[in-house]
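A.B. asks: what's the 3D shape of this:
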Amino acid sequence: MRHVVKTLVIVTFFLTFISTNAFTAELKVIKAQSVEWGYLNPLRGAKSPGAAELWADRTKTNATGMLVRFKKGFSSPPHIHNIS
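C.D. replies: Model prediction:
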């Protein structure tokens, strides 16, 4: 099951990238240890999942790409994503 989730995340990432940036973005490969992680919700501090932007600014109203790292046992109340 975990493999399926990882595969879906990767496929979704590439489909999103291709559909929004295929003709305007420059590809750049970085090492995993070079990814800059912050908090998805800075107000929650260490209780927040980690977040790393891949392109654009996720706090703005434009299309963005990002990674999210959830801690074991994380849960979130029902909510919406109304920016993108």
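
A.B. asks: Show the contacting residues for the nearest residue to Ala56 once chain neighbours are set aside.
C.D. replies: Leaving aside its chain neighbours, Ala56 sits nearest to Thr64 (4.0 Å; criterion: C-beta to C-beta, 6 or more residues apart in numbering). Where you see a C-beta, it was placed from the backbone N, CA and C, and this is true even at glycine. Contact analysis of Thr64 by C-beta atoms under 8 Å, 6 or more residues apart in numbering lists Glu53, Leu54, Trp55, Ala56, Asp57, Arg58, Ser84.

A.B. asks: Phe70 versus the fifth one, what's the distance?
C.D. replies: This points to Asp57. 22 Å (C-beta to C-beta, to the nearest Å).

A.B. asks: cool, and the second one?
C.D. replies: For Leu54, the distance to Phe70 equals 17 Å [C-beta to C-beta].

A.B. asks: Please enumerate the strands of this structure.
C.D. replies: With DSSP state E as the definition, the chain shows strands at residue ranges 38-39, 50-55, 65-69.

A.B. asks: List just the one of those strands that sits closest to Glu26.
C.D. replies: In terms of C-beta to C-beta, the element of the strands of the chain nearest to Glu26 is strand 50-55, at 9.7 Å.

A.B. asks: show me where pLDDT drops low in this protein?
C.D. replies: 1-25, 83-84 (pLDDT under 70).

A.B. asks: now the helices: where do they sit in it?
C.D. replies: For the chain, the helices identified by DSSP state H occupy 2-21, in order along the chain.

A.B. asks: could the strands of the chain go into TSV alongside distance to Ser76?
C.D. replies: Formatted as TSV, the entries for those read as follows, by distance: least, C-beta to C-beta, whole Å:
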stretch	distance to Ser76
strand 38-39	14
strand 50-55	13
strand 65-69	11
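
A.B. asks: Just send these back as CSV, with mean neighbour count and distance to Val29 too.
C.D. replies: Listed next are the strands of the chain as CSV, based on neighbours: other C-beta atoms under 10 Å; distance: least, C-beta to C-beta, whole Å:
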stretch, mean neighbour count, distance to Val29
strand 38-39, 12, 21
strand 50-55, 16, 11
strand 65-69, 15, 14
